[in-house]
Each structure stands twice: as structure tokens, then as C-alpha cells.
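Colleague: pasting the structure only:
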Ligand code: DAH
């Protein structure tokens, strides 16, 4: 669980364990069996979620849980029809309606939104430190090929992130990008040597205050030509690693002030060596980003054979939650004026004032699991019914009986950020969740 999360993830202000660890990072390079994250166990039993979706899903009774969805969205001038992205009857597709509805919303391009305020603060740092040399992309289409998302950044064929349990597939060759690294290779091929890519990224995931299936990342890449390091006395890799660390320490100071920092060695498929930067903030060590010296193979495959480069990736929600004191990742999607009116362009770090606190309501659900059961699939069903009213889904009991049957009990917390939920509404939601869990996941309710 820990390992498959993102650098680029999202976080609870004070304790961020899940959101801190990168999707692609491992303490060591993966050998087929030993170093794959624990999550692989469940992922290896995963199935294309929508292959089971032919069982008729029950419709949620609460219209407010799932607002109507547009049939057409536009990103970077490209029109995307819902039918092109959501195809319930296609076993190679696992994109649900509620995910499609997020494409094109582009929170990172709304100047008064905390995600965009943070993006712009990072832009300012790069503009000032590099005389505006970094070219900025924030409108690249999030629908990319498997090749872009995985192959071109050397993600191994058996990596957990490629599974249908973890990634949204439009079809066998096309995904909703799960990281902004998906654009590295094409931009290198296009000849860019300094670039920043900001965008929405998509991952099937658990449900809690720091995890949401859509969030935002920024990727940065800088390429050096031989004349830049020759004569420095350092070899190309050390030169790039030194420059990278200096640049990112400066960025962390720009965002967080004079904080203590440390570098942690890690693993990413696309960089070598690879690092994570941590800062000591609000009395704990917090991971800020993942980075490293770009694998030579990526450079040589993309016409930059003699060069060396560094790259980094960071999760905007994670950092924004800490900088703005935003306690729940769902709030970023709120259109409630009491949220949106608190932020304005250029004002990084204004502290969010909770406008009201509504009580959560807890409902338990127990069932005998099947071999193909995964928690991500359960969460997908719960989100499909309850939308953003689902605050957390947590395993609270797990046992195997003498016959070898395994039972799971999950506690679902329902809570709206904006209003009180009625008992009737919650009971209906829970009823619909039970029905859908049974129909779609083929588990036996207890
Ligand atoms: N793509 C990584 C993730 O989503 C983040 C990342 C790490 C990007 C290191 C980079 C990098 O460019 O060098 O977890």
C-alpha cells in the first residue's frame, strides 16, 4: 500500500504515511519476486473491473451523490466524448462515469484554486532561477498510450502500476495517465531541454482523506549538453545530480521557508540514481518529491544520446494540503463558495478555515471474498454509488475460517463536506453499496 503511492500523491497535513511514498519508488530495484510492493499480492489477483460490470449496477437513489455527467469534454482543444472513454461492456475498459466527469476540469488552470496557486508559485521559482528558460505545459491530454505512460519511461512489464487494479484503461493500449512522467519522452523528442508538465493524473485507489482517484502532478526535466559539465571536474551523472539537488532544495525553501531537509535514496524505473527529498515540517519528516538523473536509455531513444538530464515529479495536492491546511483531499473538488472564496491568485499558504463540520456516519459491510477481490475494486464500487460522500473505506476485520473462506469487514464513513446527510439518505446509499458490491464483485454478503 505504502509503496505504490505517489510522490506525487496527496497528504494529510500532519500524518501523511500513505500519500508520501511514490508509485514507482522501491527501496531497491525490483527483482521479480523479492522487492515488489505488498500490494502486488492483491494486484496479481486483479481483474479488469468492468469485465464484471455486465451485472446490472443498481442506480444510486441520491441524485446529489452523483451529479449528471457531460457527454463531451474538451482538453487542449481536443474534444473527448464520454462514449470514447467509458465503455461498460468492453472488458478492456475500466473507466467509470465519475472519473470521466473529472477530465477537462483542470483545477490546475484555475488561478484562484489552491492547486493553481501552488503551480504558479513553482513556476515563479523556476522563472526566477532560470531566467524563464523552462517551457511550461499544462494542457496536455490526460489520455495517453500505454507506451507513453509506461514503456517510454521504462516501467517494467510486470510492474504493479500497469495492472487493471491500479490504472484506468480506456482500452488495452490506452490509459488515463497515472503520472505526468508519461510526457517526458515525447517532449525530449520534440527537442525541449527545460520543461515543466502539470496535469491531472488518474489512479484506482483506496478511499481516505488523502487519496482520491484524480489528483495533480508536476514534472520537471532539465537536459545538459556535454559542454555544460565538461571542465567542471565532475562526471556527467554527478554533475546532473548536484545541480538537481541544488535546484530542488531551492524550490523547497521557496515553498516552505528555511526548513531542514534530507535526501533519501530510492528507486524509480526512469532515473538512476533516484532520490526523494524530505523536509522537516510541522514536527515531522515529509516527503516533498521524487527525482533523479534520467536513465540514459530514455535520452538515447529520444535523440539526446550525448546528453545527461535530471527529472523530478511532485504531487500538488499533497503539498497544497500542508501549505493551505486543507484537511480532506475531496475539498479540492468542492464548488462550495465557502471553500472557493478562501483562495486567491498569488496567495500561497493562506490557511483554510473550515466553514462547518458535519458528523460522519459509519456503516459496516461484511462479506466472504473471492480470489479476484481487491480493495481498489471495492472502493471503485463505493465511489460509484456514494461519490464524494464516501470519506473513508477501512478494513476493520479479516479472518479465514476452517474451510479456508476469508471474510472481510469494511467500515465506510459517509460524510459531506458541505451539508448534513439524512439517515434515510445514508441508509439508501449503504443499501445500494451492498447491492452493487454483491453484483459487481461477486462476493457473498454476510
Ligand atoms: N512519476 C513518479 C510518480 O508518479 C514521480 C517521479 C519520480 C517523477 C521521479 C520523476 C522522477 O520525473 O524523476 O511516482
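Modeller: Structure received. Note that the coordinates shown come from a computational prediction; the quantities given were computed from them, not determined experimentally. Numbering: from 1, shown residues only.
Colleague: tell me how many other residues crowd residue 423.
Modeller: The local packing of residue 423 (other CB atoms under 10 Å) involves 8 other residues. In this view, the C-beta of every residue, glycine as well, is placed from N, C-alpha and C.
Colleague: find the nearest non-adjacent residue to it, please.
Modeller: residue 361 (7.9 Å; CB to CB, 6 or more residues apart in numbering).
Colleague: hmm, the one you found is touching residue 413, no?
Modeller: Yes: Residue 361 is within contact range of residue 413, at 7.3 Å (criterion: CB atoms under 8 Å).
Colleague: who has more neighbours, the two?
Modeller: Shown here are residue 361 and residue 413; by other CB under 10 Å, residue 361 has more neighbours (21 against 17).
Colleague: how near is that one to the ligand?
Modeller: Separation of residue 361 from the ligand (CB to the nearest ligand atom, to the nearest Å): 34 Å.
Colleague: ok, now which ones touch that residue?
Modeller: Residues in contact with residue 361 (CB atoms under 8 Å, 6 or more residues apart in numbering) are 413, 414, 415, 421, 423, 426.
Colleague: mind checking the SS state of the fourth one?
Modeller: So the one you mean is residue 421. Here residue 421 is recorded as coil under DSSP: H, G, I helix; E, B strand; the rest coil.
Colleague: wouldn't it be in contact with residue 389 here?
Modeller: Yes: counting by CB under 8 Å, residue 421 does reach residue 389; the two are 6.8 Å apart.
Colleague: for the ligand, what is the nearest residue in the stretch 101-250 of the chain?
Modeller: Nearest to the ligand in the stretch 101-250 of the chain, going by CB to the nearest ligand atom, is residue 179, at a distance of 3.5 Å.
Colleague: I'd like to know how far that residue sits from residue 97.
Modeller: 23 Å (CB to CB, to the nearest Å).
Colleague: more neighbours: which of these two?
Modeller: The neighbour comparison of residue 179 against residue 97 (other CB under 10 Å) goes to residue 179, with 29 against 14.
Colleague: identify the residues contacting the closest residue to that one other than its chain neighbours.
Modeller: Counting by CB to CB, 6+ apart, residue 201 is the residue found nearest to residue 179 once chain neighbours are left out, at 5.5 Å. Counting by CB under 8 Å, 6+ apart, residue 201 touches 8, 142, 176, 177, 178, 179, 180, 214, 215, 216, 217.
Colleague: OK, contacts around the third one?
Modeller: This points to residue 176. Contacts for residue 176 (CB under 8 Å, 6+ apart) come out as 85, 95, 99, 103, 142, 143, 144, 167, 168, 170, 201, 202.
Colleague: what pairs with it across the strands?
Modeller: Beta bridges link residue 176 to residue 143 when assigned by DSSP bridges.
Colleague: circling back: Three-state assignment for the residue nearest to residue 179, please.
Modeller: strand.
Colleague: cool, and residue 222?
Modeller: strand.
Colleague: mind checking how far it is from residue 130?
Modeller: 8 Å.
Colleague: give the residues shared as contacts by these two.
Modeller: Listed as contacting both residue 222 and residue 130 by CB under 8 Å, 6+ apart are residue 194.
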